[in-house]
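In: Give the three-dimensional model of this entry:
(2 chains)
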Amino acid sequence: MPVLEGKELRIVAFLCNWCSYGGADTAGVARATQPTDLRIIRVPCSGRIDPLFILRALLNGADGVLVSGCHPNDCHYSAGNFYARRRLEVLKQFLPILGIDDRRFEYTWVSASEGARWQQVVTNFTARIHELGPAPRLEDAEPLLEMAEMALKPLRPLGTGQKAPLDELKNAIKARIKDLDVVIGWQKGDDDAHTIPLFMRSEEDVDRLVWGPFNVNNPATYVNELIGSALPLAKKKKIGLVVKGCDSKSVVELLQEKLIDKENIVLFALPCEGTFDMARIDRELGRYLKIDKVEYDEAGVTITADGKEHRFCIADYAQGKCYNCSMPLAKNADESFGDMPQITGTPVTPPELAMLDAMTLEQRFSFWKGEMDRCLRCYACRNACPMCVCRDYCIADTREPHFISQEWSVREKIYFQCIHAMHLAGRCTLCGECQRACPVGIPILALRQQIARVISQLFDNYQCGMDPEATPPLLCYQVNEEHIKQREL
Amino acid sequence: MRIGVFVCHCGSNIAGTVDCKAAAESALSLPDVVYATDLMYSCAEPGQAAIEKAIHDYALTGVVVASCSPRMHEPTFRRTVERAGLNRYMFEMANIREHVSWIGKDKVANTNKACELIAMAVAKLRNDRPLHSQSFDVTKKVLIIGGGIAGIQAALDCADGGIPVILVEREPTIGGKMAKLDKTFPTVDCSACILGPKMVDVAQHPNITLYACSEVEDITGYVGNFDVTIRKKTTYVDWDKCTGCGACTEKCPSKNVPDRFNENVGLTTAINIPFPQAIPKRASINPDYCRKLTTGKCGICAKICPTKAIDYERKDELINVKVGSVIAATGYDLMDWTVYEEYGGGRYPDVITSLQYERLLNASGPTGGHIKRPSDGKEPKRIVFIQCVGSRDKSIGRPLCSGFCCMYTAKQAVLTKDHIPDSQSYVFYMDIRAAGKLYDEFTRRAVEEYGTEYIRGRVSKIYPDGNGQLIVCGSDTLLGQRVEVPCDLVVLAVGINASKGASHLAEKLRISYDQYGFFLEGHPKLRPVETNTAGVFLAGVCQGTKDIPSSVAQGSAAAAKVLSLFARDKLENDPQIAHVNAARCVACGKCIRCCPFGAIREEEFRGQLKAKVIDTVCQGCGLCTATCPQGAIQLSHATDNEILAEVNQLCQF
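Out: Predicted coordinates for the structure are as follows:
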């Protein structure tokens, strides 16, 4: 739709019916002159506003988005705006990582009697957007490709895990496997340098279990399909899961969200000494026909491919998450062997996120344009995610609701990543499976890392996947939010 | 779909700054729009008839009206399209008056904006689905919160209409502020004489259950079926046994208790009955001053009580009632005038509020109706009244006019002269607002017959002269000179706030309130008694400043609203509620966790757990829809697709 060329910018407002829409009416009745840019979408409550509506508007070319609801404590539905405040604040702090100026989005509170205040809000927000000028368009952005330096200093010595008490673990599994429908772990894949999931149903199966730095994938991904809340009650199984520390967080999160029952799952744990970033290893190996052998030592592995030796030190080739890992051994396991390694130092900004942090907004926008252009829309990121419990009912695959189109464009690809990130807000344990599964190596984990950082800053260092009794921060609220600062408009 | 678009001129209200004809023409290019026209007044009868005719002639299946706010006329037009055979929810409004024509004069920009708002409405309408209400039973019982004159009037009218009434009063007696007044303007008839019989009626009416010393603890539910928890605060006296004989109050040894009913002028006993005409006439113990309760030693009242009604162990009681409607009539309290340092900030005993003065005038007050000033009990001869103390004062953030102070100040000046014929009253005022029936005549009498001296101006300072008198310094803006008035007593016409705790009650009732705590009505002119929460009505000063006749009128109006609501045996729910698409639900329970009304529960559906919305409990906020990651729970008429359609219409790269 043609905007009045040069005069108006595209500003979308979401207003709750009871307070702010009434406030806008009051301003109108009082003939309170306002800029004409703003277009109001009436919703019942600010709590009705899905942050994805706002992202949709911004990605579709809105120059500014404003949300206004009832003042805290005055919500017509008693608590809608409290939930909205948390979700909208997370969204606001998420935007810069996409390269969108967070000043283009604001939320505020206007009551039905505050016509003058509404006039002021519209005037100020419109002035702010005009000052920022038209929002950058994806079409105009110059694609930028940049790689993060992934290796960091680990919080504990990394290793190859070959001294882990694997046999004790196997015995423990064998002792309990009769009572379980299946126990999931890892087995050798096509060659010694890769593993694939192992579904153990008998004692013989257990002997195929392996432990080491190639156990990269997160077995919790399968949990929901076997014991998830959506299953027919009669079909729920009892399963066992062999977990690294990071994998166990996914299970804790699923327990916390009551998506699975504790009585349906048994956790077997060994201390993890780090896992390989297979993308970097494969890049290093280049094209090969056959892995001849893999030799382990304490500091890494030597892979012989087509007769040529390649040395991979774990300290240089671990997954990004392993450097920051402070929980190598699951804390809540039913059967746990080996000791929790000593953790020294505190986690630093993950490398993908640090790379984006160092960029300007414009560069980030260009970065995502360049990276997401390569996305195949294969949805491997989603399928590998242990927290993506919607599975066949993902909103990316439906027209009811129709959030995302099938259009082959960077816009839709980024929007899908936004959907995934927002749906994981306050739930993502940063297991990194999305990024690991990405066949074209887009550092999409950075989006989740940004949200996790925001959540932690806003909600008292909340870390997902630590406490099965905690309430997810976006499913609750506090009347007085200590860390959410209200901005004046 | 066949959509018709009607662009309203609203006389010149819209057409003055929007090209309505062009807007209608532009709508014709929108998908599914088969008919578009402009109308002079679409809400008027010819306008509505034109819409109905177009629905028929063009076989329309959906209608967009671009006119005023949907908060104004959405119900009107929904009825219109329903009369023409459409489902009432196959209708959308574009607000091109309050949000366009009234807020700017640029006709080009306005017309462009109007076209876009119409396009958004069409986009939403294309995603709308017909919705159908369900009917449910009504509990024909009303809860009235507050037993002042507005609440009393509402209670009596409802009860006379055959509706059982639960009347909850925070204080030990009903009567509210009016019970504290001596006389009432402009007729100067005795407040107790006209209020008393109504209070007795409340006590005796078979349809009224009175809970005094009680507060509303919690309210859940919805129109027709509210569940209310009432906290009956303990008075340490079994009111079923107490006869109000007063023997306990005579013997109580704790006699230096501030008398709340008398606005803390004068003292009372720890066990007391607020005033002789109290309803219910029952004793209650002030636990802060009762010797038995504070020191454990005393118990005289329990010994003396002829009916053995006193029980020091008595606890608060919680009472649950079901009602179909609620009337809030919680009245007002005075603002804290001690912020005014220039008036002494509360340090001078002879600077009192008008409500305290009212008690000094009253025959059942602490001085038996003889005006005696608090400091030394002397009869004051020169009295200064100061108006607008905490009213119309932006410097302390209170621009509101408290409404009735001009009148009662005139009344108090008149009464002062009646009580003390050789007295002289002075009134410092800003303007005299006497707009009611016989009001201006009354203020004239105060000046002309009673010789009250009105001084137009503000007071800058009050200070004691050291000889028992106060000096009031101010300016006379009519004469343009400074004045100093020595006097014996200063009476402040203190501005009002909504009563203490009104905002908490508003949150329980899910209604809005303004900065003073006054409850927000549905519409400032056309729905002054309703609130935006169905089934909750307002009466009296809790909605805004009012004098007694207006409070009584609104009490009756609220009762009429309740009676008309209860005239139906069944109510229809609003079908704009959430629905679960069971096929998409993965039973994650996030909606259940955050629903503010507990309107969603988990149910087994073909062997699987699924979320299920309880239709009558859902209020339609849509928090669940925004929470559900897979979009399985959708709020009807505000579905994801409907909102996304509007977003996509507006933002097309």
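In: Just list the residues touching residue A:238, thanks.
Out: The contact partners of residue A:238, taken as C-beta atoms under 8 Å, 6 or more residues apart in numbering or on different chains, are A:179, A:180, A:181, A:227, A:263, A:264, A:265, A:266. Placement of C-beta: from N, CA and C, glycine included.
In: Ok, residue A:393 next?
Out: B:583, B:584, B:586, B:630, B:632.
In: can we see that at 6 Å?
Out: B:584, B:630 (C-beta atoms under 6 Å, 6 or more residues apart in numbering or on different chains).
In: how close does it sit to residue A:222?
Out: Separation of residue A:393 from residue A:222 (C-beta to C-beta, to the nearest Å) stands at 18 Å.
In: residues from the stretch 251-400 of chain A in reach of chain B?
Out: A:258, A:259, A:389, A:390, A:393, A:395 (C-beta under 6 Å from any C-beta of the partner chain).
In: likewise the stretch 1-150 of chain A?
Out: Neighbours of chain B within the stretch 1-150 of chain A, by C-beta under 6 Å from any C-beta: A:1, A:4, A:12, A:18, A:25, A:28, A:31, A:33-34, A:36, A:39-41, A:43-45, A:47-48, A:50, A:53, A:56-57, A:60-62, A:74, A:76-80, A:83, A:113.
In: Filter these down to the buried ones and express that as a PyMOL selection.
Out: Here is the PyMOL selection string for the buried members of the residues of the stretch 1-150 of chain A next to chain B, based on 16 or more other C-beta atoms under 10 Å in any protein chain shown:
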select buried, chain A and resi 12+18+25+28+34+36+39+40+41+43+44+45+47+48+50+53+56+57+60+61+62+74+76+77+78+79+80+83+113
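In: taking the residues of the stretch 1-150 of chain A next to chain B one by one, which sit in strands?
Out: If you go by DSSP state E, the residues of the stretch 1-150 of chain A next to chain B have A:12, A:39, A:40, A:41, A:43 in strands.
In: Could you dump those into TSV and include pLDDT and distance to residue B:608?
Out: Converted to TSV, these look like this (pLDDT from 0 to 100; distance: C-beta to C-beta, whole Å):
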residue	pLDDT	distance to residue B:608
A:12	97	38
A:39	97	42
A:40	97	40
A:41	98	35
A:43	97	31
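In: Residue A:475 and chain B: what is the separation?
Out: Using C-beta to the nearest C-beta, to the nearest Å, residue A:475 is found at 5 Å from chain B.
In: ugh, wrong one, residue A:268
Out: Noted for residue A:268: a distance of 26 Å to chain B, by C-beta to the nearest C-beta.
In: What pairs with the strand or helix carrying that residue, parallel or antiparallel?
Out: Taking DSSP states H and E as the criterion, residue A:268 maps to strand A:265-269. The pairing partners recorded for strand A:265-269 under DSSP bridges are strand A:239-243 (parallel), strand A:335-336 (parallel).
In: So which of these is the most surrounded?
Out: Stretch with highest mean neighbour count among those: strand A:239-243 (a mean of 25; mean count of other C-beta atoms under 10 Å in any protein chain shown).
In: Would you mind listing what in the stretch 101-250 of chain B touches chain A?
Out: Counting by C-beta under 6 Å from any C-beta, the residues of the stretch 101-250 of chain B that sit close to chain A are B:102, B:103, B:104, B:109, B:112, B:113, B:116.
In: Quick check: the residue of the stretch 51-200 of chain B nearest chain A.
Out: Scanning the stretch 51-200 of chain B for proximity to chain A using C-beta to the nearest C-beta identifies residue B:98 as nearest, at 2.9 Å.
In: Provide the secondary structure category for that residue.
Out: Following DSSP: H, G, I helix; E, B strand; the rest coil, the label given to residue B:98 is helix.
In: which residue packs closest to it, ignoring adjacent ones?
Out: Closest residue in space to residue B:98, ignoring its immediate chain neighbours: residue A:28 at 2.9 Å, by C-beta to C-beta, 6 or more residues apart in numbering or on different chains.
In: show me the contacts for that neighbour.
Out: Going by C-beta under 6 Å, 6+ apart, the list of residues near residue A:28 reads B:98, B:99, B:102, B:103.
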